[in-house]
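Enquirer: below are the sequence and a predicted model; questions follow.
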Amino acid sequence: MTKESQILVTGGAGYIGSHTVLELIQQGYSPVVVDDLSNSSKESLIRVEELTGAKIPFYEIDIADSKGLASIFSSHSIDGIIHFAAFKAVGESVEKPLAYYRNNIGGLFSLLDCMDTYGVTQFVFSSSCTVYGDADDVPIPESASVSAVNPYGQTKLMSEIILRDVAQSRPNWSVSNLRYFNPVGAHPSGRIGEDPSGIPNNLMPYITQVAVGTRPFLRVFGDTYPTHDGTGVRDYIHVVDLAKGHIAALSYQKTVQGVHTFNLGTGRGSSVLDVVKAFERATGKTIPYEIVDARAGDIAEAFADTSKASEVLGWSAEFGLEEMCRDAWNWQSKNPHGYEDSSGTV
Ligand code: NAD
Ligand code: UD1
């Protein structure tokens, strides 16, 4: 294999990873994907290949497999890493904390070892707004205090701390912590999107499953929060905008060293009922719902201060809430069972 400059994308077959792989290719990068398919399907990458005409080198391994990982670094000239691979279900993390610490922290160790061995200096980390816990004020700036209330959140916080300490001892490294708010939607082609297994925990995939007839109605978790209509407020961001944020971070990183933390959100807060209404307007579907008790551990309101990403990265989200709903529905209606009905090899 000829050695060319490439970006290793861990978890690249997953929801955000597959959209980022597509965006990388469209912006002239050569992604190499490693994913153990523990929460995804190869089909996402096959479809990215169809959409872009590119061939994506793909390795089906667990990133904790340091021998397997080393062989990827030996065969490719990896310039930088975008690290998505992790478990992400909050409730499951409470039941299986050890599995979450092992996967989310252990995987990070293998990657950082490879950076040392193979002289890679660029690292982009998938962090989360969950590190802000229940923030005192909105919009939330990157300088807000951090805390975690469940093992999943702890793994994000600990990873940020590990990256900070390791980068401090490697002055030529450049690390971005990207704190995502609530990624939703799908590529406008409707070929790739979010494919949760089982009953979705998150709002948008639940709504699209109601719209497609898989679930009878939406349960709105609480309507007595101190928000404009009493339902929880979040900062929903289109996954294509989010993917573009990674490319902006990669290109900024080439010019700086050290650790840089950015919120990736739209800066706008939308309530659960705002999302329901936007979905109905964007799709013409009616979403029946019932108000039920608040979900344990939920916060009233979270949305990002996005000024740092806009000023430093020159990046800001472009899609609005109706476009997010339109694209989420386009994906769900074209793929009622997600990738389940497809099979193939990369
Ligand atoms: P996802 O589950 O769709 O993608 C993660 C991918 O990583 C999956 O394809 C999975 O198979 C793979 N993976 C997991 N452990 C692995 C391992 N040890 N080795 C190799 N591959 C492994 O999730 P996503 O929504 O695309 O999230 C991507 C990242 O963004 C995660 O780190 C997640 O914690 C973070 N994040 C997600 C959200 C969200 O709401 N989706 C919000 C904030 C942060
Ligand atoms: C979830 C994760 C959080 C992660 C964030 C970003 C949980 C408990 N938390 O939180 O760690 O950082 O996504 O992606 O999973 N809602 C309903 N009915 C539903 C589903 C959700 O009313 O069936 C409401 C929730 O109460 C909340 C809003 O919709 O007000 C959004 O919920 P969700 O999509 O789960 O995201 P977060 O709560 O922000």
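Expert: Happy to help now that I have it. Ligands and ions are numbered 1, 2, ... in the order given.

Enquirer: need the phi and psi values for the residue of the chain found nearest ligand 1.
Expert: Using Cβ to the nearest ligand atom, the closest approach of the chain to ligand 1 is made by G14 at 2.1 Å. Where you see a C-beta, it was placed from the backbone N, CA and C, and this is true even at glycine. Backbone torsions for G14, taken as degrees, to the nearest 10, come to phi -80, psi -170.

Enquirer: same thing with S145?
Expert: phi -70, psi 150.

Enquirer: count of neighbours near it?
Expert: 9 (other Cβ atoms under 10 Å).

Enquirer: tell me who's in contact with it.
Expert: By Cβ atoms under 8 Å, 6 or more residues apart in numbering, S145 lies in contact with Y132, G133, A135, D136.

Enquirer: do you know how far it is from G133?
Expert: 8 Å (Cβ to Cβ, to the nearest Å).

Enquirer: likewise G80?
Expert: Counting by Cβ to Cβ, the gap from G80 to G133 is 30 Å.

Enquirer: who has more neighbours, these two?
Expert: Set G80 next to G133 and count neighbours by other Cβ under 10 Å: G80 wins out with 22 against 18.

Enquirer: sec struct for that one, please.
Expert: Classification of G80 using DSSP: H, G, I helix; E, B strand; the rest coil returns strand.

Enquirer: what bridges to it?
Expert: Note on G80: beta-bridge partners I7, Q122, judged by DSSP bridges.

Enquirer: what is the rounded mean pLDDT of the biggest helix by length in the chain?
Expert: In the chain, assigned by DSSP state H, the helix with the most residues is helix 97-118. Across helix 97-118, the average pLDDT comes to 97.

Enquirer: do stretch 34-51 as well
Expert: Stretch 34-51 comes out at a mean pLDDT of 98.

Enquirer: contacts for the helix or strand of the chain with the lowest mean pLDDT?
Expert: Ranked by mean pLDDT, DSSP states H and E, the helix or strand of the chain with the weakest confidence is strand 5-10, at a mean of 92. Contacts to strand 5-10, defined as Cβ under 8 Å, 6+ apart, come from residues 17, 20-21, 24, 29-35, 57, 63, 72-73, 76-85, 107, 111, 250.
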